[in-house]
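1. Let's see this in three dimensions:
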Amino acid sequence: MARLIKTELWKLKRYSVIWIGIATMLSVVLLTCFMEMGTPGTPTFSSFSDNVIWNSFSLIFPATIVLIAGYMIERERTDDTLKNIMAIPVSFRSLLLGKVFVCGMISVFLAVVELLFTALISLFSRYEGIALGSVMRSLAQMVGMNCFVFISVLPVIVFTGQRAGAFMTGVAFAFFYGFIGTFASGHGLSCLYPVTIGLGFINYQNGMEAGTYNIFRCVVVLLIMLVITAVMLLLAQDRSKTQKNKRQRGYSMTGKRILCIILICMGTLSLSGCNSIYQALSDGTEKILDMASDTVGDTPKNTALDIMDALNEIGGNTVLTSESSLQGERTTGIDNYVGTYSAEYKDFSKTEYLFGGVDVEREQGNELTVECVLKVDSGTAKVFWISGSEKPVSLIETDGTYKETITLSSGSNYIGIECEDFTGSMELNIK
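-> Residues are numbered from 1 along each chain as shown. Have a look, this model is predicted:
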């Protein structure tokens, strides 16, 4: 087995697919960076790292590791080396097991690459909190999460690896398998859904209260996945049909790989519902369009602005606190920037985003009149306005009345209330 693993590691030198793995790790870090640009508040290295871990397991890594594993197995068929290996003799089961071990090592390697990209982007973006302790914590969490996600997709790798050309189907399945983990985690199923059990083992706490994981359940699910994989490996055999016509050596699957990457990227952008992507894009869009309009006129610019506003309306609304999660009653006006909100609070310690959105140019104008009556019985409360990646501007923090006209900047703008053990009331009217 050791010789098989050494041979597989040697083969990686001629496989370009490993670079796809590195590219996907870079893409998930850049995607997270774009999201941070549009998220209210100033990110830290720890919060950025946590978000990278979340995006990686839910959008990128499951499909990536299945792609790499499937490609490694499929190359034995397309290079016509499988029948020679069988004659040594080395069983298909042993060959498959060796490739699985190597893919586990690749999972660890990609976690290290992911951390390096995360640290570099954090330094470039000047995120706070970069220290040896936080970097080592992130490394341990990324390695752990990659390993547990790899175990969760092992049955997919073993199943599709036995059939010629089936690994692309496995890649598509793995993408949705990972993406559903986002919803499973949001409904308290983190310790039961295979892709998300790693969150419990690494004690992922980004925006969650401590002690929310049932480690016993995580261990049970982990053991089930390992047993399923072991049984599949024991029964594994090359189930592809014998091919009479020898394929050309070095058969290129570049088109399939590119198609796979495109599908993953499209799914990442279209399914994740990340308002932050639209937000980051829109923050600089108007400047670019202004420069272009000097050359080609205003008509293309206005058309592009209309398209961007439509996209931003879809993405921007996701940041606003949902009606079911609000402490009070919200009534919106002509758009999500204006309306009224009335609420009574008791020992409330969260942040509510009440009005706002993402627009390159707001159709109704960029000026809003904000009227607020705040009553603080105990704790603290701050009504704020945040624009883009700027620090929140406090509108009112004590008992009293606030009335001012604010001018919205291009991009994201939100008005909300940040509470800490707050008991009191608030009346908000924006027009």
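2. show me the contacts for C103.
-> I65, I68, A69, M72, F150, I157 (CB atoms under 8 Å, 6 or more residues apart in numbering). Placement of C-beta: from N, CA and C, glycine included.
3. OK, contacts around L115?
-> Counting by CB under 8 Å, 6+ apart, L115 makes contact with S49, V135, S138, L139, M142.
4. Oops, could you answer that again for F148 instead?
-> Contacts of F148 (CB under 8 Å, 6+ apart): I197, G198, F201, I202, L222.
5. show me the contacts for the second one.
-> If you count contacts by CB under 8 Å, 6+ apart, G198 has them with F57, G144, M145, C147, F148, V149, S152, Y204.
6. again, only using 6 Å
-> M145, F148, V149 (CB atoms under 6 Å, 6 or more residues apart in numbering).
7. and if you look at the last one?
-> Applying CB under 6 Å, 6+ apart, we find L222 in contact with I197.
8. Can you pull the phi and psi angles for N366?
-> phi -100, psi 10 (degrees, to the nearest 10).
9. That one: neighbouring residues, count only.
-> N366: 14 surrounding residues under other CB atoms under 10 Å.
10. If you count neighbours, what's buried in stretch 114-129?
-> E114, L115, F117, T118, A119, I121, S122, Y127 (16 or more other CB atoms under 10 Å).
11. try stretch 349-360
-> Buried, per 16+ other CB under 10 Å, within stretch 349-360: T351, E352, Y353, L354, F355, G356, G357, V358, D359, V360.
12. Okay, and the residue lying closest to K11 once chain neighbours are set aside sits in which element?
-> If the residues on either side of it in the chain are set aside, K11 comes closest to M72, at 7.5 Å by CB to CB, 6 or more residues apart in numbering. Element membership of M72 [criterion: DSSP states H and E] is helix 61-78.
13. Could I get the average pLDDT for that helix?
-> In this model, helix 61-78 has a mean pLDDT of 85.
14. For the residue nearest the centre of the chain, give me its contacts.
-> In the chain, the C-alpha nearest the mean C-alpha coordinate belongs to N55, at 2.0 Å (CA atoms, centre = their mean). Neighbour list for N55: V28, L31, T32 [criterion: CB under 6 Å, 6+ apart].
15. burial measure for the last one, as a count.
-> Counted by other CB under 10 Å, the residues lying close to T32 total 27.
16. Quick check, G170 in contact with T160.
-> Yes: using CB atoms under 6 Å, G170 is in contact with T160, at 3.6 Å.
17. okay, and the common contacts of the two?
-> G70.
18. which residues in the stretch 151-300 of the chain form helices?
-> For the stretch 151-300 of the chain, the helices defined by DSSP state H, counting those that start in this stretch cover 167-186, 197-201, 215-234, 254-271, 275-296, 298-316.
19. How about the secondary structure of the residue nearest to the centre of the chain?
-> Three-state call for N55 (DSSP: H, G, I helix; E, B strand; the rest coil): helix.
20. And for F355?
-> Strictly by three-state DSSP, F355 counts as strand.
21. Apart from its chain neighbours, what residue comes closest to it?
-> I415 is the one closest to F355 (CB to CB, 6+ apart), at 4.9 Å.
22. re earlier: now that we have the contacts of L115, which one has the most neighbours?
-> Ranked by neighbour count (other CB under 10 Å), those have S49 at the top, with 29 neighbours.
23. hang on, it packs against L139?
-> No: S49 lies out of contact with L139 (CB under 6 Å); the separation is 9.2 Å.
24. May I ask which helix or strand of the protein has the lowest mean pLDDT?
-> helix 275-296 (a mean of 44; mean pLDDT, DSSP states H and E).
25. If we go by neighbour counts, what in the strand or helix carrying T24 is buried?
-> T24 belongs to helix 17-38 when assigned by DSSP H and E. For helix 17-38, the buried set under the neighbour-count rule, 16+ other CB under 10 Å, comprises 17-18, 20-22, 24-29, 31-38.
26. Same question for stretch 185-203.
-> Here stretch 185-203 shows 185, 190-191, 193-202 as buried, counting by 16+ other CB under 10 Å.
27. Which one of the residues you listed is nearest to E371?
-> For these, the residue nearest E371 by CB to CB is S185; the value is 39.1 Å.
28. now the closest one: how far from Y204?
-> Distance, S185 to Y204, by CB to CB, to the nearest Å: 9 Å.
29. How many residues are close by the closest residue to N203 other than its chain neighbours?
-> Nearest non-adjacent residue to N203, counting by CB to CB, 6+ apart: Y213, 7.1 Å away. Neighbour count for Y213, taken as other CB under 10 Å: 20.
30. any idea how far Y213 lies from V221?
-> Y213 is 12 Å from V221, by CB to CB.
31. Quick check: neighbours shared by S49 and L139?
-> Counting by CB under 6 Å, 6+ apart, S49 and L139 have no common neighbour.
32. Could you list the low-pLDDT ranges of the stretch 51-200 of the chain?
-> 79-90, 186-187 (pLDDT under 70).
33. repeat that for 90
-> Applying pLDDT under 90 to the stretch 51-200 of the chain flags the ranges 51, 54-55, 57-60, 67-103, 124-131, 133-134, 157-193, 196, 199-200.
34. correct me, but Y193 touches A184?
-> Yes: using CB under 6 Å, Y193 is in contact with A184, at 3.8 Å.
35. Pretty sure V158 sits against L234.
-> No: with contact defined as CB under 6 Å, V158 does not count as touching L234 (10.2 Å).
36. For stretch 329-342, the averaged confidence score.
-> Average pLDDT, stretch 329-342: 89.
37. what about V52, how many residues close to it?
-> Applying other CB under 10 Å, I find that V52 has 30 neighbouring residues.
38. Next: S378.
-> Other residues close to S378 by other CB under 10 Å number 12.
39. so where does it fall, helix or strand?
-> strand 367-387.
40. can I get the CA coordinates of that strand in CSV?
-> Taking C-alpha atoms only, strand 367-387 is exported to CSV below (Å, rounded to 0.1, in the frame of the first residue of the first chain):
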residue,chain,number,x,y,z
GLU,A,367,-32.0,61.9,0.4
LEU,A,368,-33.9,60.4,3.3
THR,A,369,-35.5,62.1,6.3
VAL,A,370,-35.1,60.0,9.4
GLU,A,371,-37.3,60.5,12.5
CYS,A,372,-36.7,58.4,15.6
VAL,A,373,-37.9,58.3,19.1
LEU,A,374,-35.8,56.1,21.4
LYS,A,375,-36.6,55.2,25.0
VAL,A,376,-33.9,53.4,27.0
ASP,A,377,-35.0,51.7,30.3
SER,A,378,-31.9,49.6,30.7
GLY,A,379,-29.0,48.3,28.6
THR,A,380,-27.8,50.0,25.5
ALA,A,381,-29.2,50.7,22.1
LYS,A,382,-27.8,52.5,19.1
VAL,A,383,-29.7,53.4,16.0
PHE,A,384,-27.2,53.5,13.2
TRP,A,385,-26.7,54.2,9.5
ILE,A,386,-24.1,52.2,7.6
SER,A,387,-22.9,52.8,4.1
